[in-house]
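A.B. asks: Compute the structure for the input listed below.
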Amino acid sequence: MECGRRRRYPPPVNLGSEEHYENNATKYWNISTSATRTRFFKDRHYLEKDWGAYFVDDLCGTASPNGKVLLEVGCGAGNSIFPLVSAYSKLYVHACDFSPLAIELLKYNVDFRGDRVNAFVTDVANDDLSDEIKPSCVDVITLFLQTRCP
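C.D. replies: Numbers count the residues shown, from 1 in each chain. Predicted coordinates:
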């Protein structure tokens with residue numbers, strides 16, 4: 001490196017590379033996920049306080065007797081799911097991510113319960129969710145997008 005010149009971070013993106021990364025998004029996301037595993041995000045324990053009204057049936061805070069159904073799009077390793085499942089005993093979650101590795105990490109978590117979480121791989125931009133979820137059965141949808149350049 002020349003004296004006085006600073007290295008640019010991140011390196012400039014070549015024109016046309018956006019299509020390459022778009023076409024290989026799952027590959028690069030799996031590389032990133034395998035490096036960070038479940039340590040990238042902390043569990044989102046604040047969700048019970050901030051979103052609690054979405055999981056109750058009335059203004060008094062009475063928990064739904066039949067439970068609510070949550071669709072978590074981009075679930076990653078489950079940092080939103082596990083605090084909510086712990087807080088709401090009748091909550092059922094459909095959790096999806098386009099990264100097979102993220103779904104694998106979710107399922108291997110010690111708090112994962114197959115009777116309360118339906119975890120599956122899908123690309124919500126291109127796949128039909130009705131292959132995994134019965135239409136009109138979801139009460140709440142969450143979507144956390146993480147954008148990181150590979």
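A.B. asks: after the worst-scoring helix or strand of the chain on mean pLDDT, next one along is what?
C.D. replies: One helix or strand of the chain scores below all others by mean pLDDT, DSSP states H and E: helix 25-36, with a mean of 58. Following helix 25-36 in sequence order, the next helix or strand is helix 47-51 (DSSP states H and E).
A.B. asks: Can you list the residue ranges for helices in the chain?
C.D. replies: In the chain, the helices defined using DSSP state H lie at 17-23, 25-36, 47-51, 81-87, 100-108.
A.B. asks: weakest of those helices by average pLDDT?
C.D. replies: Here the lowest mean pLDDT among these goes to helix 25-36, at a mean of 58.
A.B. asks: where does this structure have low pLDDT?
C.D. replies: By pLDDT under 70, the low-scoring segments of the chain are 1-18, 20-46, 57-65, 145-150.
A.B. asks: swap the cut-off to 50 and go again
C.D. replies: Within the chain, the stretches with pLDDT under 50 are 1, 9, 15, 37-38, 150.
A.B. asks: The closest residue in space to Y92 that isn't next to it in sequence - how many residues pack around it?
C.D. replies: Nearest residue to Y92, sequence neighbours excluded (Cβ to Cβ, 6 or more residues apart in numbering): V69, at 5.0 Å. For glycine as for every other residue, the C-beta is placed from the backbone atoms N, C-alpha and C. V69 has 19 neighbouring residues, counting by other Cβ atoms under 10 Å.
A.B. asks: check contacts around V69.
C.D. replies: Going by Cβ atoms under 8 Å, 6 or more residues apart in numbering, V69 touches L91, Y92, V93, H94, C137, V138, D139, V140.
A.B. asks: got a winner among these for most neighbours?
C.D. replies: Counting by other Cβ under 10 Å, top hit in the contacts of V69: V93 with 25 neighbours.
A.B. asks: That'll do, ta.
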